[in-house]
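Novice: have a look; sequence and predicted model below, questions after that.
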Amino acid sequence: MKVLTVVGARPQFVKAAAVSRAIQASGKIKEIIVHTGQHFDANMSDVFFEEMEIPKPDYNLNIHGLSHGAMTGQMLEKLEEVMLKEKPDKVMVYGDTNSTLAGAVAASKIHIPVAHVEAGLRSFNMRMPEEVNRILTDRISSQLFCPTDTAIENLKKEGFENYDCEIIRTGDVMNDAALFYAEKAKEKSTVISDLKLKDEQYLLVTIHRAENTDDLSRLKGIVAALNELSKEYKIVVPVHPRTRKIIAQNGLELNCITIDPVGYFDMIELIRNANMILTDSGGLQKEAYFFEKYCITMRDQTEWTELVTNGFNTIVGADTEKIIAAVMANINKPFKTGTSLYGGGDASEMICKHLLS
């Protein structure tokens, strides 16, 4: 069987690493990897393929830095060309980016079955481009690989049981990756010593979603909270290039330890050694849980509702006072262990098995 995998953004490289490893181990699937180029910065792209030992992409479309429509349109055109040339049996897409939607639409238009990893997630906020991408991708997919029971319930409520598709609870491939790479990260990463953070208390922060970076009042609220917290705690912020540019353009100043985006191993070590995580990223909310850290989510909703329900994640929006209060409430709280919200680390093998069905 030939499967064409479409990736384009950092979280997708992490997920693809886990599944590609299972595909190679099976010996029954030939995988063609297409990198759309959506994350083109070397620190957000090349380094992942190198350190995670993912096979280098067979194609790099080098499409980035455009509006949503232009980016998705160009990806659709180029992906269709690759699919017509490669003639895969299935196309596999991950998550909820423009690359995800373009891969799914290109495949469905030429009648290639689509397998969607991380299907069924919903934030119920249609202003988020990611929400539009994931809903449309689910609707045209033949195999819906769901990480959680909540994801399956979302699909059932939307009537997916009446559609011609398989709904499969696999567990979360990011959990597979975290378990597999944690020891390697400990051996290979030097980020903690490089930043002189050994035995230091610090908060790890990421900000990149358009709902925060493109809304100046929200961005100011987050920056004000971080600057206030920095009076008491060290704060480490790997800054997305786009976020860095917007902060500079608006004359804002982050009184934090700001660094360039880091590779997966460095990120694992930064999470593992942090006191707490503050983020607007979807993936990082889960990675915080995998490494037993409380998370403060600077958004108005999350797709990972089970983290909130079980007390591991607090939703604060971009409200300065709420962000500070949530940090103070969770900073020294013992982490509740003993739950298993995302499977036992065999999601990739399960996906591989169902790809062959």
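Specialist: Yep, it's here.
Novice: tell me where the stretch 251-357 of the chain has helices.
Specialist: 264-273, 282-290, 305-309, 320-330, 347-355 (DSSP state H, counting those that start in this stretch).
Novice: ok, now which ones touch T97?
Specialist: With contact taken as CB atoms under 8 Å, 6 or more residues apart in numbering, T97 is in contact with 8-9, 12, 38, 130, 133. C-beta here means a position set from N, CA and C on the backbone, and glycine is covered the same way.
Novice: quick check: longest helix of this protein.
Specialist: helix 68-86 (DSSP state H).
Novice: which other residues reach that one?
Specialist: The contact list for helix 68-86 (CB under 8 Å, 6+ apart) reads 2, 4, 6, 8, 32, 34, 36, 38, 59, 61, 63-64, 66, 91, 98-99, 101-103, 105-107, 109-110, 112, 129.
Novice: on that earlier part again, only the buried subset of the contacts of T97, as a PyMOL command please.
Specialist: A single PyMOL command is used to select the members of the contacts of T97 judged buried by 16 or more other CB atoms under 10 Å:
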select buried, resi 8+9+12+38+130+133
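Novice: pLDDT on the longest helix of the chain, on average?
Specialist: Confidence over helix 68-86, taken as the mean pLDDT, stands at 97.
Novice: what comes up buried for that helix?
Specialist: Those buried within helix 68-86 under the rule 16+ other CB under 10 Å are 71-72, 74-76, 78-80, 82-83, 86.
Novice: so after that helix, what's the next helix or strand?
Specialist: Where DSSP states H and E defines the elements, the next helix or strand beyond helix 68-86 is strand 90-94.
Novice: what are the pairing partners of that following strand, and which direction each?
Specialist: With DSSP bridges as the criterion, the sheet partners recorded for strand 90-94 are strand 2-7 (parallel), strand 114-117 (parallel).
Novice: how about the ones you listed in CSV, adding mean pLDDT?
Specialist: What follows is the strands paired with strand 90-94, written out as CSV (pLDDT from 0 to 100):
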stretch, mean pLDDT
strand 2-7, 98
strand 114-117, 98
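Novice: T137: which of the buried residues of helix 68-86 is nearest?
Specialist: T72 (11.7 Å; CB to CB).
Novice: just for the stretch 201-350 of the chain, where's the confidence low?
Specialist: Applying pLDDT under 70 to the predicted model, the stretch 201-350 of the chain contains no residue that meets it.
Novice: show me the strands in the stretch 1-150 of the chain, by range?
Specialist: Taking DSSP state E, counting those that start in this stretch, the strands of the stretch 1-150 of the chain run over residues 2-7, 30-35, 59-60, 90-94, 114-117, 143-146.
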